[in-house]
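Student: below: sequence and its predicted model.
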Protein chains: 2
Amino acid sequence: MGDKPTLNPRHNKAEVFARLRDAHAREVTEDYVEMISDLIHEEGEARSVALAERFGVTAATVNNTIKRLERDGYVTSRPYRSIFLTEKGETLAKKCRDRHQIVYNFLVSIGVDPDTAEFDAEGIEHHVSEETLRVFAAVSRADDAL
Amino acid sequence: MGDKPTLNPRHNKAEVFARLRDAHAREVTEDYVEMISDLIHEEGEARSVALAERFGVTAATVNNTIKRLERDGYVTSRPYRSIFLTEKGETLAKKCRDRHQIVYNFLVSIGVDPDTAEFDAEGIEHHVSEETLRVFAAVSRADDAL
DNA sequence: AAAGCAATTTAGCCTTGACTAACTTTGAAA
DNA sequence: TTTCAAAGTTAGTCAAGGCTAAATTGCTTT
Ligand SMILES: [Mn+2]
Ligand SMILES: [Mn+2]
Ligand SMILES: [Mn+2]
Ligand SMILES: [Mn+2]
């Protein structure tokens, strides 16, 4: 009557894909708060036009996304003014920046070309669990100590 | 008059994000052809109901996706019958299966728990360039040779 | 052969994330 | 202080990828 005991417990692929869809739903948010934070540090403020240029999308697309981020509590903004991170946004931005850096450093440390690492890290970062991130960081440290 | 020589050539982040959006556009297709191929090998045929169960989505969603794959030349199907890969579909499936395996093996080889590796590989695989994949494979081989 | 259940399809809806085109606002230069 | 280009907004469109509910088909079992 109970579940059959299984040696390999996940023939339950559905969980894996559910988690994947969750990660996808967060990607744009994560890249935006990270970029907004970068702009504030590098240029003093985050303007729509700079986001559009850096992401390679139109101003209208940035506008839509910022409205969503505002709705979800990550940023504040007033018409025709620059964009600010909320506490929640800052917290996420820091987490994402750190994670991004760890992934990038890891790739370079195992021998990936820095240019390629920059491309790949932008996607990989959103699919790295806490555990894998810790392993990446440890490997980077070990490789640095050459 | 020429481009200014730059030490760090990519303050051109837009390229990175354009490539990222491309990768996203291919993800579902890649996971579907891989899964269809798995089902054909494991169960003799690929039925909608099995795809829905493994991905954790509804039958209607599978139907939409299969129509898109058919439109794009990856599968053939007839109403109420099972799904077949075209040559193009088979080729992509093989590439994706191999890549998936390399990413998974790599994660495990550097010390990530197999369970976690299974989750993370499902996302990471779509964002790994040819170059990074070669490095992953090389690292796995080196770690195996312990 | 008919019934009924499981599988599949269809129709209609939603959100995200992209676009173009047209309009409004801001702010710097004239 | 006027003007006008750049920045930002709004409106409308589209495809992908999800969903539910309802209709249809195929298959198995009586
Ligand atoms: Mn990032
Ligand atoms: Mn990213
Ligand atoms: Mn895969
Ligand atoms: Mn995948």
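Tutor: Arrived safely, thanks for sending. Numbering: from 1, shown residues only, chains lettered A, B, ... in the order given. Ligands and ions are numbered 1, 2, ... in the order given.
Student: any idea which helix or strand carries the residue nearest the centre of chain A?
Tutor: For chain A, the residue nearest the mean C-alpha position is A:Glu30 (4.2 Å; Cα atoms, centre = their mean). Under the criterion of DSSP states H and E, A:Glu30 resides in helix A:13-43.
Student: so that helix, near ligand 3 or not?
Tutor: No: shown here: helix A:13-43 not in contact with ligand 3 (Cβ under 5 Å from the ion), separated by at least 9.2 Å. Backbone N, C-alpha and C define where each C-beta goes, glycine included.
Student: count the neighbours of the nearest residue to the residue nearest to the centre of chain A once chain neighbours are set aside for me.
Tutor: Of all residues not flanking A:Glu30 in the chain, A:Cys96 sits nearest, at 4.8 Å (Cβ to Cβ, 6 or more residues apart in numbering or on different chains). A:Cys96 has 21 neighbouring residues, counting by other Cβ atoms under 10 Å in any protein chain shown.
Student: do the one 3 residues further on as well
Tutor: By the other Cβ under 10 Å criterion, the neighbourhood of A:Arg99 contains 21 residues.
Student: swap in the one 10 residues further on?
Tutor: Neighbours of A:Ser109 under the rule other Cβ under 10 Å: 17.
Student: distance check, it against ligand 4.
Tutor: 25 Å (Cβ to the ion, to the nearest Å).
Student: list the contacts of that residue.
Tutor: A:139-140, A:143-144 (Cβ atoms under 8 Å, 6 or more residues apart in numbering or on different chains).
Student: re earlier: I'd say the residue nearest to the centre of chain A and A:Leu92 touch.
Tutor: Yes: assessed by Cβ atoms under 8 Å, A:Glu30 is found in contact with A:Leu92 at 6.8 Å.
Student: still on that earlier bit, and ligand 4, is the helix holding A:Glu30 touching that?
Tutor: No: judged by Cβ under 5 Å from the ion, helix A:13-43 makes no contact with ligand 4; its nearest approach is 6.4 Å.
Student: is any residue of the helix or strand following that helix near chain B?
Tutor: Once the chain leaves helix A:13-43, the next helix or strand it forms, by DSSP H and E, is helix A:48-55. Yes: contact of helix A:48-55 with chain B (Cβ under 8 Å from any Cβ of the partner chain) involves A:53-55.
Student: for helix A:48-55, buried residues please.
Tutor: By neighbour count with 16 or more other Cβ atoms under 10 Å in any protein chain shown, helix A:48-55 contains the buried residues A:48, A:50-52, A:54-55.
Student: do the same with stretch A:81-101
Tutor: The neighbour-count check on stretch A:81-101 (16+ other Cβ under 10 Å) flags A:82-83, A:85-86, A:89-90, A:92-93, A:96-97, A:99-100 as buried.
Student: send the alpha carbons of it over as PDB?
Tutor: Output in PDB follows, covering the C-alpha atoms of stretch A:81-101 (Å, rounded to 0.1, in the frame of the first residue of the first chain):
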ATOM      1  CA  ARG A  81      12.700  60.700 -12.700                       C
ATOM      2  CA  SER A  82      15.400  58.100 -12.000                       C
ATOM      3  CA  ILE A  83      14.800  54.700 -10.400                       C
ATOM      4  CA  PHE A  84      15.600  53.800  -6.800                       C
ATOM      5  CA  LEU A  85      15.900  50.400  -5.100                       C
ATOM      6  CA  THR A  86      13.800  49.600  -2.000                       C
ATOM      7  CA  GLU A  87      15.400  47.700   0.900                       C
ATOM      8  CA  LYS A  88      14.000  44.600  -0.700                       C
ATOM      9  CA  GLY A  89      15.600  45.600  -4.000                       C
ATOM     10  CA  GLU A  90      19.000  46.400  -2.400                       C
ATOM     11  CA  THR A  91      19.000  43.100  -0.600                       C
ATOM     12  CA  LEU A  92      18.300  41.100  -3.800                       C
ATOM     13  CA  ALA A  93      20.800  43.200  -5.800                       C
ATOM     14  CA  LYS A  94      23.600  42.500  -3.300                       C
ATOM     15  CA  LYS A  95      22.800  38.800  -3.300                       C
ATOM     16  CA  CYS A  96      22.800  38.700  -7.100                       C
ATOM     17  CA  ARG A  97      25.900  40.800  -7.500                       C
ATOM     18  CA  ASP A  98      27.800  38.400  -5.200                       C
ATOM     19  CA  ARG A  99      26.500  35.300  -6.900                       C
ATOM     20  CA  HIS A 100      27.300  36.700 -10.300                       C
ATOM     21  CA  GLN A 101      30.800  37.400  -9.200                       C
END
